[in-house]
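[1] give me a 3D structure for the following:
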Amino acid sequence: MTFNGDDIVNKFNEQYAKLDTATQVTLDHFLAGIDEVGQHIVGETIFRGSAELLNRYMPCIQAISSSVRISETGLDGDSNLHELKWEPNDFVIPSDVLVRAYARIENPGADSDDGCGSEEEHPLVRQMSSQSRHCENDDCPSSR
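    Now for the predicted structure:
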């Protein structure tokens with residue numbers, strides 16, 4: 001099978017265009033967080049948010065990783081913690097996603113549809129646990 005980055009990006013963009021703006025914003029930040037701490041290489045992360053939001057994300061995520069799956073839901077008895085796994089290095093984050101996410105961090109007031117108004121609510125610096133995982137929530141592009 002030949003790797004074709006354009007096909008991956010096109011499939012991602014088709015799915016991404018179906019999302020509302022607020023969901024696009026949070027997805028951008030979720031993916032930027034995965035990229036920032038290297039989880040796209042490692043092959044796993046923790047998603048913090050509703051199953052409904054994760055299900056809205058999944059067509060886009062599946063477009064950029066052929067092996068991604070929800071391996072566990074309800075971690076530690078919390079119905080809003082979901083473990084995602086994929087084969088290491090099988091996660092291609094389109095560069096325009098990263099550009100958008102960083103632009104929102106640098107100019108937080110410019111995107112009025114994202115529901116978050118201050119730079120404090122948009123940090124791209126991710127805290128790495130000893131297990132190298134990242135969490136996201138429903139409310140804002142990133143949370144602490």
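[2] distance of Leu81 from Asp35?
    Distance, Leu81 to Asp35, by Cβ to Cβ, to the nearest Å: 21 Å. Heads up, the C-betas are built off the backbone N, CA and C, glycines and all.
[3] one more: Glu52?
    Distance check for Glu52 against Asp35: by Cβ to Cβ, it reads 24 Å.
[4] what packs against the lengthiest helix in the chain?
    In the chain, assigned by DSSP state H, the helix with the most residues is helix 21-37. Contacts defined by 3 or more Cβ pairs under 8 Å, 6 or more residues apart in numbering; DSSP states H and E place helix 21-37 against helix 51-64, helix 95-106.
[5] what about it, distance to the chain center?
    Helix 21-37 sits 4 Å away from the centroid of its parent chain (Cα atoms, centre = their mean, to the nearest Å).
[6] export that helix as PDB, just CAs?
    Provided in PDB are the C-alpha atoms of helix 21-37 (Å, rounded to 0.1, in the frame of the first residue of the first chain):
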ATOM      1  CA  THR A  21     -17.200  25.600  14.200                       C
ATOM      2  CA  ALA A  22     -17.000  24.900  17.900                       C
ATOM      3  CA  THR A  23     -16.300  21.200  17.400                       C
ATOM      4  CA  GLN A  24     -13.700  22.100  14.700                       C
ATOM      5  CA  VAL A  25     -12.000  24.400  17.200                       C
ATOM      6  CA  THR A  26     -11.900  21.800  20.000                       C
ATOM      7  CA  LEU A  27     -10.800  19.100  17.600                       C
ATOM      8  CA  ASP A  28      -7.900  21.300  16.300                       C
ATOM      9  CA  HIS A  29      -6.700  21.800  19.900                       C
ATOM     10  CA  PHE A  30      -7.100  18.100  20.700                       C
ATOM     11  CA  LEU A  31      -5.000  17.100  17.700                       C
ATOM     12  CA  ALA A  32      -2.400  19.900  18.400                       C
ATOM     13  CA  GLY A  33      -2.000  18.600  21.900                       C
ATOM     14  CA  ILE A  34      -1.400  15.100  20.600                       C
ATOM     15  CA  ASP A  35       1.200  16.400  18.200                       C
ATOM     16  CA  GLU A  36       2.900  18.600  20.800                       C
ATOM     17  CA  VAL A  37       3.700  15.900  23.300                       C
END
